[in-house]
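Q: need a 3D model of the sequence below.
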Amino acid sequence: MKAIRHTPVAQGGATLYALIVVMTLLAIIIFSGLKISPAYIDNQIISNALNNMRESGDLRSMPLRDIRTSISRTMTANGASWSSDSLDQIEENGVDYIQVKYEKRVPMFWNIDAVVKFDYRVQKSDD
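A: As a prediction, this is how the structure comes out:
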């Protein structure tokens, strides 16, 4: 019986071009995340402010104008920009809610923008 010969196969790693493509894609993902994350941070500030007002009981008794003013002050103190028209008061099934609905346009590259939409509501009282 004849022995089967195996010739060693040279292992090849990632080529320079593959490495450049992977690094470019990784850089684009990181860059995009860094550009979009401030919009999510600003939204978190709004959400935390509304939840803190609800937990303290202030949200239940405040008119919409005062809620908008309070959120605007919080956003200004944190260096964030937003439109107070994004807040609205709605009633559904006898329950009052503060609705936050807006979109933020973030310039990405040249003439390409990312649009991030936020749409949620907070119950005015725990009743």
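
Q: CA only for contacts and neighbour counts going forward, please
A: Noted.

Q: for Thr76, list the residues it contacts.
A: For Thr76, no contacting residues are found, by C-alpha atoms under 8 Å, 6 or more residues apart in numbering.

Q: ignore what I typed, I meant Lys117.
A: Lys117 makes contacts with Lys101, Tyr102, Glu103, Lys104, as judged by C-alpha under 8 Å, 6+ apart.

Q: between the residues you listed, which sits nearest Met53?
A: Distance to Met53, by C-alpha to C-alpha, is smallest for Lys101 among the contacts of Lys117, at 18.2 Å.

Q: just to be sure, the closest one is in a strand?
A: Yes: when classified by DSSP: H, G, I helix; E, B strand; the rest coil, Lys101 is found to be part of a strand.

Q: what's the burial count for it?
A: Lys101 is flanked by 14 other residues according to other C-alpha atoms under 10 Å.

Q: roughly how far does the most centrally placed residue in the chain sit from Val115?
A: Here the mean C-alpha position of the chain is nearest to the C-alpha of Tyr40 (C-alpha atoms, centre = their mean), at a distance of 2.8 Å. Computed with C-alpha to C-alpha, to the nearest Å, the distance linking Tyr40 and Val115 is 12 Å.

Q: which neighbouring elements make contact with the helix or strand of the chain with the lowest mean pLDDT?
A: Least confident element among the helices and strands of the chain, by mean pLDDT, DSSP states H and E: helix 58-61 (a mean of 86). Helices and strands in packing contact with helix 58-61 are listed as helix 16-56; criterion 3 or more C-alpha pairs under 8 Å, 6 or more residues apart in numbering; DSSP states H and E.
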